[in-house]
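J.: Okay, predicted coordinates and the sequence, questions at the end:
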Amino acid sequence: MHEFGVAASVLDAVEARAAGRPVSALRLHVGALHRLDRAVFDDAFSMVADGGVAEGAVVEVVEIAVAVRCRGCASTTTADELVVACGTCGAHDLELLTGDELVLESITVSTRTEQEVG
Ligand SMILES: [Zn+2]
């Protein structure tokens, strides 16, 4: 499933940045073209993160809209899905500006060193 692949690659990035420290929260920038299903992604991430540094971390997803620039008239068209024609002149010769991002924007490292005794 798409969301599991995304969750696994996000976790790789989180673990690389966390360097062993516990992560309490993370923020992602995800382009609308990924059509990420939040509910499925949350389940997938908690599954792949289970037992690791990001277990239980709060995940914030910032969705990035799709933006394209027309090579014909140079105007920019934005939408929350794939744009196939320029909104100004209708041309199909478009350059994707944003919308396919998958970026780990930030992580919050837990500074608490004591372990909770359950
Ligand atoms: Zn155009």
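T.: That came through fine. Since the model is a prediction, treat every value here as computed from it, not as a measurement.
J.: okay, CA-based contacts and neighbour counts for the rest of this
T.: Noted.
J.: how far away is the residue lying closest to Val103 once chain neighbours are set aside from Thr78?
T.: In space, and not counting its chain neighbours, Val103 is closest to His29: 5.1 Å by CA to CA, 6 or more residues apart in numbering. Applying CA to CA, to the nearest Å, the value for His29 to Thr78 is 17 Å.
J.: what's the spatially most central residue of the chain in contact with, if anything?
T.: Residue closest to the average C-alpha location in the chain (CA atoms, centre = their mean): Val30, at 3.2 Å. If you count contacts by CA atoms under 8 Å, 6 or more residues apart in numbering, Val30 has them with 36, 61-64, 99-103.
J.: who wins for neighbours among the residues you listed?
T.: Gly99 (23 neighbours; other CA atoms under 10 Å).
J.: ok, that residue touching Ala65?
T.: Yes. Here Gly99 lies in contact with Ala65, judged by CA atoms under 8 Å, at a distance of 5.4 Å.
J.: Now list whatever residues contact both of these two.
T.: 31-32.
J.: neighbours around the residue nearest to Val103, how many?
T.: 18.
J.: likewise Thr77?
T.: Thr77: 19 neighbours (other CA under 10 Å).
J.: Whatever helix or strand it lives in: partners in the sheet, and parallel or antiparallel?
T.: Using DSSP states H and E, Thr77 sits in strand 76-79. Strand pairing for strand 76-79, using DSSP bridges, gives strand 66-70 (antiparallel).
J.: in the strand it pairs with, what's buried?
T.: For strand 66-70, the neighbour count (16 or more other CA atoms under 10 Å) marks 66-70 as buried.
J.: Which of the three states applies to Thr88?
T.: When classified by DSSP: H, G, I helix; E, B strand; the rest coil, Thr88 comes out as coil.
J.: thinking it is in contact with Thr78, fair?
T.: No. With contact defined as CA under 8 Å, Thr88 does not count as touching Thr78 (11.3 Å).
J.: Mind checking which of those two has more residues around it?
T.: Legend: neighbour count by other CA under 10 Å for Thr88 and Thr78, higher for Thr78 (17 against 13).
J.: Can you name the next helix or strand after the longest helix along the chain?
T.: For the chain, the helix with the greatest residue count under DSSP state H is helix 2-18. Using DSSP H and E, the helix or strand that follows helix 2-18 in sequence is strand 23-31.
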